[in-house]
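In: Here's a sequence, model it:
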Amino acid sequence: MQKRLPVSEAELFRNAVEDAKPLETGQAEPFRRRPPPRPIIQPPELSEPPERATLAEAEIETGDYLLFSRAGVQKRLLADLQRGHLEIGLELDLHGLTTAYAERILDEFLHACARQGVRCARIIHGKGGRSEGGPPVLKRKVNYWLRRYDQVLAFCSATRRDGGTGAVYLLLRNPGKSRRGRRGGRV
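Out: The predicted structure is shown next:
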């Protein structure tokens, strides 16, 4: 519903713009279809996917703040994950567990996320207060384990309100988008 101006205000406006002249503008350029991009022909020796190198735990550096993303994850989506702006579908608390039990629980948790179509999850691994002067064991393990799952697109340390460096946010592959040749299991 549009407000109507009182007669005095409408008259005041007309008096203020009575000597206004329309701006001269050129016509907008008509829409032109762009030609489709030409595909780059890949040499036959590169057409097969390379053997995936196994990731060694010793190669992964675990600092105070965790951050990982696969190629192709949009920067804006990763920034939203880091700010805690994505809705958390499921949460898992691992701190205080043994590494063997935590790994099994994490595997079950990620399968549950896939079954339920969860896009973002949170894992609490703790800050390693009981690691007796060494690096946080579960934090280091979670940093390594999550990289091995294809369904994990990115993860980062949580914001202070959600556990800070004692927890991570996970961005999981959208289950609605299927990709040929991909499996939900480990790499």
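
In: Leu94 against Glu103, yeah?
Out: No - when contacts are counted by C-beta atoms under 8 Å, Leu94 is not listed as touching Glu103 (9.3 Å). Where C-beta positions appear, they are placed from N, C-alpha and C, glycine not excepted.

In: In CSV, list the C-alpha atoms belonging to the helix or strand harbouring Arg104.
Out: Element membership of Arg104 [criterion: DSSP states H and E] is helix 99-116. C-alpha atoms of helix 99-116 as CSV (Å, rounded to 0.1, in the frame of the first residue of the first chain):
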residue,chain,number,x,y,z
THR,A,99,42.0,-42.9,20.6
ALA,A,100,40.9,-46.3,19.4
TYR,A,101,37.4,-45.8,20.7
ALA,A,102,37.2,-42.2,19.5
GLU,A,103,38.1,-43.3,16.0
ARG,A,104,35.4,-45.9,15.9
ILE,A,105,32.8,-43.4,17.3
LEU,A,106,33.9,-40.8,14.7
ASP,A,107,33.4,-43.3,11.9
GLU,A,108,29.9,-44.1,13.1
PHE,A,109,29.2,-40.4,13.6
LEU,A,110,30.1,-39.5,10.0
HIS,A,111,28.0,-42.3,8.7
ALA,A,112,25.1,-41.0,10.7
CYS,A,113,25.6,-37.5,9.3
ALA,A,114,25.5,-39.0,5.8
ARG,A,115,22.3,-40.9,6.5
GLN,A,116,20.6,-37.9,8.0
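
In: returning to that earlier point: comparing Leu94 and Glu103, which residue is more hemmed in?
Out: Neighbour totals were compared for Leu94 and Glu103, and Leu94 leads with 22 against 17 (other C-beta atoms under 10 Å).

In: tell me the phi and psi of that one?
Out: Dihedral angles of Leu94 (phi, psi; degrees, to the nearest 10) stand at phi -100, psi -20.
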